[in-house]
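J.: got a structure for you, letters missing:
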Ligand code: FRU
């Protein structure tokens with residue numbers, strides 16, 4: 001095993017987010033709720049803290065906040081790396097992997113075939129099954145089960161379709177370099193028949209990866225379902241590098257038809273801001289949803305990193321956290337169907353540390369103002385602003401006078417920004433220091449933010465989760481101040497509260 005040594009002060013290890021103990025991770029895989037446990041499998045290098053030896057790592061949780069790392073679930077070998085995929089509960093044992101007392105969990109993953117395989121260079125879909133609730137896995141002897149002879153066919157997400165067209169398993173996967181999502185159906189998870197494909201559409205500035213397809217009620221109405229197709233892509237995101245886009249439409253059991261498509265088959269970087277993004281920040285990638293989440297909730301996790309600099313972020317002995325788990329829903333906003341996201345876990349179940357801080361109806365004058373008593377590095381900040389005549393206003397987190405991460409609103413421009421150019425360590429990669437923007441709208445003139453700060457990250461949920469920005473930051477241990485600021489004028493804080501978690 002390559003030496004992966006612990007630093008004396010692991011100042012970036014998150015308190016609210018999952019990170020592996022001392023290894024590398026990327027995409028979330030096989031997300032499923034089963035027998036009361038949330039299982040988070042993930043792309044993992046069990047031997048090092050850079051990408052390689054791809055296997056499925058494993059962590060479990062009952063509250064979506066506290067995760068316990070488990071032994072590696074599915075390991076690479078000399079013939080294959082275990083790339084991304086999903087897990088389904090095969091409750092009627094359609095696959096035949098179950099026995100008299102137990103129905104199987106079935107993992108559908110991409111075999112990325114290596115030199116020792118006759119299929120070297122091919123990516124094809126394979127199965128593994130678990131008869132002990134997801135802890136130990138056996139690879140199917142008939143792998144791969146779906147091989148199109150392609151070098152870029154990967155990331156199968158499987159779900160059970162029960163609708164007008166029948167009842168069967170559906171797989172969405174990608175032909176990554178063709179900007180295509182391909183859909184297949186199966187009765188037994190072993191034999192697959194092509195249904196249709198979707199794409200290219202909207203953002204095509206990078207390979208299409210890690211798709212997902214699921215129904216959501218429109219504005220909470222269970223009798224009015226629309227389908228959401230998730231397509232992660234790398235690079236080509238709205239603020240560069242890895243990001244996830246989505247399409248809203250219909251799925252008739254064979255074909256997904258988007259009602260939200262802006263451009264078909266065009267590669268037009270000037271139009272990126274018109275497309276629908278899961279997150280506008282630099283560090284929310286490969287996001288997919290849980291199978292079988294309770295109460296019909298649609299819960300998603302993204303990998304909190306970006307392939308532009310993923311292997312170089314200055315954490316040790318681990319590398320890359322996952323995002324917080326998000327609950328997503330569909331709302332009609334200005335006549336368009338849009339995803340809205342909230343943090344899924346109930347943070348009030350956490351013990352608060354230190355006094356909470358609050359303010360109401362305070363004018364922010366030109367400049368930056370430290371809030372005495374609000375400092376911290378694991379906190380949730382809720383705030384609402386009314387613009388005055390300032391060009392830009394907002395908050396600075398993880399600051400110390402010399403450094404800080406700025407989260408601001410530019411009302412006349414109609415944008416929200418996260419500026420991490422002075423956030424702390426940025427020089428490990430030339431593209432890390434960035435100021436990232438997203439369009440934001442207000443109906444009543446106010447701007448509302450929920451900001452989750454967790455040592456090495458900020459996750460911003462603006463306007464009730466209509467816009468999110470997720471970014472890594474690497475501030476010094478002394479950078480704990482929270483400040484308010486206004487540029488070239490004033491703004492007003494309607495209310496602000498800070499809750500400390502560590
Ligand atoms: C996305 C991705 C997937 C692939 C996996 C390999 O980040 O490139 O397409 O399955 O990572 O680790």
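T.: Alright, I've got the coordinates. Given the structure is predicted, the values throughout are model-derived calculations rather than measurements.
J.: surely residue 271 is in a strand?
T.: No - residue state for residue 271 (DSSP: H, G, I helix; E, B strand; the rest coil) corresponds to helix; a strand is not indicated.
J.: so what's the residue located most distally from the centre of the chain up against?
T.: For the chain, the largest distance from the centre (Cα atoms, centre = their mean) belongs to residue 100, which lies 37.3 Å off. With contacts defined as Cβ atoms under 8 Å, 6 or more residues apart in numbering, residue 100 has no neighbours. Every C-beta, even on glycine, is put in place using the N, C-alpha and C of the backbone.
J.: residue 303 against residue 26, yeah?
T.: Yes - contact criterion Cβ atoms under 8 Å: residue 303 and residue 26 qualify, at 5.3 Å.
J.: what touches both of the two?
T.: Shared contacts of residue 303 and residue 26, counting by Cβ under 8 Å, 6+ apart, come down to 42-43, 286, 320.
J.: narrow those residues to those that are buried.
T.: 42-43, 286, 320 (16 or more other Cβ atoms under 10 Å).
J.: returning to what we had before: any chance of the shared contacts of residue 303 and residue 26 in JSON lines, with pLDDT and secondary structure too?
T.: Shown next, in JSON lines, are the shared contacts of residue 303 and residue 26 (pLDDT from 0 to 100; DSSP: H, G, I helix; E, B strand; the rest coil):
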{"residue": "42", "pLDDT": "99", "secondary structure": "strand"}
{"residue": "43", "pLDDT": "99", "secondary structure": "strand"}
{"residue": "286", "pLDDT": "98", "secondary structure": "strand"}
{"residue": "320", "pLDDT": "97", "secondary structure": "coil"}
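J.: ok, and of those residues, which contact the ligand?
T.: 43, 286 (Cβ under 6 Å from any ligand atom).
J.: farthest-apart pair in the shared contacts of residue 303 and residue 26, please.
T.: Farthest pair in those (Cβ to Cβ) is 286 and 320. Separation: 10.7 Å.
J.: quickly list what's touching both of those two.
T.: With Cβ under 8 Å, 6+ apart as the test, residue 286 and residue 320 both reach 26, 303.
J.: find the nearest non-adjacent residue to residue 343, please.
T.: Excluding its sequence neighbours, the residue lying closest to residue 343 (Cβ to Cβ, 6 or more residues apart in numbering) is residue 324, at 5.1 Å.
J.: what residues does that neighbour make contact with?
T.: 16-17, 301, 343-345, 452, 459.
J.: looking at those residues, which are in strands?
T.: 301, 343, 452, 459 (DSSP state E).
J.: was I right about the last one contacting residue 468?
T.: Yes - A contact is recorded between residue 459 and residue 468 when judged using Cβ under 8 Å, the distance being 6.9 Å.
J.: if we can go back for a sec, so how far is residue 131 from the residue farthest from the centre of the chain?
T.: 11 Å (Cβ to Cβ, to the nearest Å).
J.: one more: residue 69?
T.: Relative to residue 131, and taking Cβ to Cβ, residue 69 is found at 22 Å.
J.: ok so residue 417 is a helix residue?
T.: No - with three-state DSSP as the criterion, residue 417 is strand rather than part of a helix.
J.: beta partners of it?
T.: For residue 417, the beta-bridge partners are residue 408, residue 437 (DSSP bridges).
J.: does residue 205 lie in a helix or a strand, and which?
T.: If you go by DSSP states H and E, residue 205 is not part of any helix or strand.
J.: and for it, the neighbour number?
T.: 18 (other Cβ atoms under 10 Å).
J.: tell me how far it lies from residue 271.
T.: 11 Å.
J.: give me every residue that touches residue 275.
T.: Contacts of residue 275 by Cβ under 8 Å, 6+ apart are 202-203, 238, 245, 262.
J.: now, the most widely separated pair of these?
T.: 238 and 262 (13.0 Å).
J.: of those two, who's got more company?
T.: Shown here are residue 238 and residue 262; by other Cβ under 10 Å, residue 238 has more neighbours (23 against 16).
J.: how far away is that one from residue 462?
T.: Distance from residue 238 to residue 462, by Cβ to Cβ: 15 Å.
J.: so the spatially closest residue to residue 400 that is not a sequence neighbour is in which element?
T.: Distances taken as Cβ to Cβ, 6+ apart place residue 479 nearest to residue 400, at 4.3 Å, with adjacent residues excluded. For residue 479, there is no enclosing helix or strand under DSSP H and E.
J.: do the same with the one 5 residues further on
T.: Using DSSP H and E, residue 484 falls within strand 481-487.
J.: distance from the chain centre to that strand, please.
T.: 28 Å (Cα atoms, centre = their mean, to the nearest Å).
J.: counting by contacts, list what the biggest strand by length in the chain packs against.
T.: Assignment by DSSP E gives strand 221-234 as the longest strand of the chain. Strand 221-234 is packed against strand 207-218, strand 243-251, strand 256-258, strand 285-289, strand 326-333, with contacts defined by 3 or more Cβ pairs under 8 Å, 6 or more residues apart in numbering; DSSP states H and E.
J.: do you know the pLDDT at residue 346?
T.: Residue 346 is assigned 88 on the pLDDT scale.
J.: residue 273 now?
T.: Reading off the model, residue 273 has pLDDT 89.
J.: which ones are touching it?
T.: Per Cβ under 8 Å, 6+ apart, neighbours of residue 273: 238, 439.
J.: and what of residue 463?
T.: Contacts of residue 463 (Cβ under 8 Å, 6+ apart): 440-442, 447-448.
J.: state the distance from it to residue 246.
T.: Separation of residue 463 from residue 246 (Cβ to Cβ): 18 Å.
J.: ok, now residue 68?
T.: 31 Å.
J.: and those two? Which one has more around it.
T.: residue 246 (22 against 11).
J.: can I assume that one is in contact with residue 279?
T.: No - using Cβ under 8 Å, residue 246 makes no contact with residue 279, being 10.4 Å away.
J.: what residues does the stretch 1-150 of the chain put near the ligand?
T.: 26-27, 43, 54, 83-84, 110.
J.: what about residue 77, how many residues close to it?
T.: Counted with other Cβ under 10 Å, residue 77 comes out at 13.
J.: how close does it sit to the ligand?
T.: 16 Å (Cβ to the nearest ligand atom, to the nearest Å).
J.: for that residue, grab phi and psi.
T.: Per-residue torsions, residue 77: phi -140, psi -170 (degrees, to the nearest 10).
J.: just confirm residue 295 is within a helix.
T.: Yes - under three-state DSSP, residue 295 sits within a helix.
J.: distance check, it against the ligand.
T.: Counting by Cβ to the nearest ligand atom, the gap from residue 295 to the ligand is 29 Å.
J.: same question for residue 223.
T.: For residue 223 relative to the ligand (Cβ to the nearest ligand atom), the value is 36 Å.
J.: tell me the contacts of the residue positioned nearest the centre of the chain?
T.: Against the mean C-alpha coordinate of the chain, by Cα atoms, centre = their mean, the closest residue is residue 302 at 1.6 Å. Counting by Cβ under 8 Å, 6+ apart, residue 302 makes contact with 28, 244, 278-279, 284-287, 322-323, 326, 470.
J.: so which of those wins on neighbours?
T.: Most surrounded of the contacts of residue 302: other Cβ under 10 Å gives residue 285, at 31 neighbours.
J.: so residue 501 touches residue 347, yeah?
T.: Yes - in this structure residue 501 lies within contact range of residue 347 using Cβ under 8 Å: 7.2 Å.
J.: ok, the two, which is more surrounded?
T.: Legend: neighbour count by other Cβ under 10 Å for residue 501 and residue 347, higher for residue 501 (20 against 15).
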